[in-house]
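> Would you be able to build a 3D model of this:
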Amino acid sequence: MADSEKYYGELMVVKDHTEEDLRRIWAEEYCRKVIKTHDGIRVHFYDSNFDHAFYESSVRNGSSNKPKSKDIFSPRRAARMMWIKDVLADKEAKMYVGYDSKIKGYTRSKRVSVVKGDYVVVIQLYKKDQARFITAYVADNSISKITSGPEWTPEKTEK
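Take a look at the predicted model:
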């Protein structure tokens with residue numbers, strides 16, 4: 001099945017849940033379960049990831065001298081909460097090397113999985129088979145930057 005046709009489940013009807021409900025779902029479905037990528041990397045999720053993943057900044061693209069903060073809850077992001085584990089498990093997802101703004105360059109310690117053309121899930125690897133979840137969002141404004149970066153390829157081990 002082509003990536004754009006792959007079914008990742010229904011979007012969550014966010015208005016049917018309080019933020020407390022959504023945080024509970026997050027903890028139960030991600031923080032308390034073992035989630036692995038299609039290639040066997042164990043991804044750790046934390047309660048604190050909720051705010052980064054499901055809030056957006058009211059200050060966009062450095063358009064102000066104010067520091068960016070995640071201060072607006074994003075129903076659009078939260079509606080796709082249940083997709084995250086499916087994206088990580090999808091061996092057909094397009095994968096890219098992540099960009100690190102601190103070093104102003106690409107780093108293999110970050111991996112970006114892309115499905116549905118512009119939905120991204122970002123993980124940070126800290127061991128060969130261990131990673132932590134960073135964020136997930138619809139990258140309609142930044143997908144061209146992501147897809148113009150280097151594609152992720154498995155590292156070859158020397159024999």
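> Need the residues that contact the longest strand belonging to the chain.
In the chain, taking DSSP state E as the definition, the longest strand is strand 105-115. Around strand 105-115, the neighbours that count as contacts under CB atoms under 8 Å, 6 or more residues apart in numbering are 3, 6, 8, 83, 87-88, 90, 93-100, 120-126, 131, 134, 139, 143, 146-147, 149-150, 152, 155. In this view, the C-beta of every residue, glycine as well, is placed from N, C-alpha and C.
> buried subset of those?
8, 83, 87-88, 90, 93-99, 120-125, 131, 134, 139, 146-147, 152 (16 or more other CB atoms under 10 Å).
> and the host helix or strand of Phe133, what does it pack onto?
Assigned by DSSP states H and E, Phe133 belongs to strand 130-138. With contacts defined as 3 or more CB pairs under 8 Å, 6 or more residues apart in numbering; DSSP states H and E, strand 130-138 has these neighbours: strand 42-44, helix 49-54, helix 75-78, helix 83-89, strand 119-127.
> now do 10 Å
Contacts defined by 3 or more CB pairs under 10 Å, 6 or more residues apart in numbering; DSSP states H and E place strand 130-138 against strand 35-36, strand 42-44, helix 49-54, helix 75-78, helix 83-89, strand 105-115, strand 119-127.
> export these to CSV and tack on mean pLDDT and distance to Lys15?
Rendered in CSV, the data for the helices and strands packed on strand 130-138 read as follows (pLDDT from 0 to 100; distance: least, CB to CB, whole Å):
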stretch, mean pLDDT, distance to Lys15
strand 35-36, 97, 26
strand 42-44, 98, 28
helix 49-54, 94, 14
helix 75-78, 94, 7
helix 83-89, 96, 18
strand 105-115, 95, 24
strand 119-127, 96, 20
